[in-house]
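# Take a look and give me a structure for this.
(chains A and B)
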Amino acid sequence: MLSAELYANIYLVKRVIQAKYFIDKNFDQAIDLDTICKEACISKFHLIRSFKKLYGVTPYQHLTFLRIKKAKELLQTNLTVSAVCYHLGFDSPTSFSGLFKKIAGKPPVEFQRSKTKKQF
Amino acid sequence: MSSKKLKSCKMRITLTSLLVDDQEKALKFYTEVLGFVKKTEIPLGEHKWLTVVAKEEQDGVELVLEPIAFEPAKVYQQELFKAGIPLTAFNVDSVDKEYERLASMGVIFSMKPTEMGPTKLAVFSDTCGNNIQIFQLL
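Numbers count the residues shown, from 1 in each chain, chains lettered A, B, ... in the order given. Next up is the predicted model:
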């Protein structure tokens, strides 16, 4: 006899994959955990717990990772740091810069400068 | 409406169905690759009534490999597939062993064996438009 928890997991896997798909498609929009949960029809508690078990990171970490990865690309174009920040759905340049530095190791301005220098 | 409660008849689940884009291809995959056994095949013009069962439970629930002949259903199937969401799940004794066996036969997995709480699971493409999950209780 299979346990109730096992059956629940079969359902949860579908919802978590759905949540990841939603993040992957909409990471450059102003989405947050509430939006993701609503889209995937899952509670925050279940989403965070199951997402981490399945993908090794929380939904928020995954979202941030995708945004920063895209930001690195955009910072190598003519866009300003603020433009990149708002383009990727961040609330403010301050929070964007903080997260960028945490993940990329240097502030976006510095990153952009170093990349621009290399081009010449 | 009478408030008298009528005795219910026995209602059983003997069939479950899966929409497939090609019945021949599906039969080949579900029998030759997954290891199910063909139970019924009744020609019905363009399509057929086609079911498979688990080898060890041939009198158990039949899986209908149903032709996807309804346009909105195609959209549903394609979107689920694109998102990587499994349509259904099969219980196996060992996800790792099945993964190894199926992968060696060329089956493509979108999720390798992964532990999630009391379960281990993996997701693969059935080549007929569906993602299928296999799971085991740890």
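# Distance of A:Ile31 relative to A:Tyr86?
14 Å (CB to CB, to the nearest Å). C-betas here are computed from N, CA, C, even on glycine.
# low-scoring stretches of chain A, by residue?
For chain A, residues meeting the criterion pLDDT under 70 lie at A:1-3, A:117-120.
# again, but for chain B
In the predicted model, chain B carries pLDDT under 70 at residues B:1-3.
# in it, which spans are helices?
Using DSSP state H, the helices found in chain B span residues B:23-28, B:71-83, B:95-104.
# do chain A as well
A:4-26, A:33-40, A:44-55, A:59-74, A:81-87, A:93-104, A:108-119.
# buried set for the third one?
What it means is helix A:44-55. A:His46, A:Leu47, A:Ile48, A:Arg49, A:Ser50, A:Phe51, A:Lys52, A:Lys53, A:Leu54, A:Tyr55 (16 or more other CB atoms under 10 Å in any protein chain shown).
# what residue is smack in the middle of chain A?
A:Leu63 (0.9 Å; CA atoms, centre = their mean).
# any chance you could map the strands in chain B?
B:15-20, B:37-44, B:47-53, B:62-67, B:88-91, B:109-116, B:119-125, B:131-137 (DSSP state E).
# Packing partners of the fifth one?
If I follow you right, that is strand B:88-91. strand B:131-137 (3 or more CB pairs under 8 Å, 6 or more residues apart in numbering or on different chains; DSSP states H and E).
# For the strand it packs on, which strands pair with it and how are they oriented?
Taking DSSP bridges as the criterion, strand B:131-137 sits next to strand B:88-91 (parallel), strand B:119-125 (antiparallel) in its sheet.
# Please identify the deepest-packed of those.
Mean neighbour count (mean count of other CB atoms under 10 Å in any protein chain shown) peaks for strand B:119-125 among the strands paired with strand B:131-137, with a mean of 22.
# who's in contact with that strand?
Residues from elsewhere that reach strand B:119-125 (CB atoms under 8 Å, 6 or more residues apart in numbering or on different chains): A:5-6, A:9-10, A:13, A:17, B:81, B:84, B:86, B:89, B:95-96, B:98-99, B:102, B:107-114, B:131-138.
# ok, now with 7 Å
Contacts to strand B:119-125, defined as CB atoms under 7 Å, 6 or more residues apart in numbering or on different chains, come from residues A:6, A:9, A:13, B:84, B:86, B:95, B:99, B:102, B:107-114, B:131-138.
# Give the buried subset of the residues you listed as a ChimeraX selection command.
Only the buried entries of the contacts of strand B:119-125 go into this ChimeraX selection, using 16+ other CB under 10 Å:
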select /A:6,9,13 /B:84,86,95,99,102,107,111,113,114,131,132,133,134,135,136
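# Now for the closest residue to chain B within chain A, how many residues are close by?
Going by CB to the nearest CB, chain B is nearest to A:Tyr21 of chain A, at 4.0 Å. A:Tyr21 sits with 18 neighbouring residues when counted by other CB atoms under 10 Å in any protein chain shown.
# so it makes contact with B:Leu80?
No: assessed by CB atoms under 7 Å, A:Tyr21 is found out of contact with B:Leu80, at 9.9 Å.
# which bits of chain B sit near chain A?
Listed as neighbours of chain A in chain B under the rule CB under 7 Å from any CB of the partner chain: B:83-86, B:89, B:91, B:114, B:116-119, B:121, B:133, B:135, B:137.
# 10 Å instead?
B:79-80, B:82-89, B:91, B:110-111, B:114-121, B:123, B:131, B:133, B:135-138 (CB under 10 Å from any CB of the partner chain).
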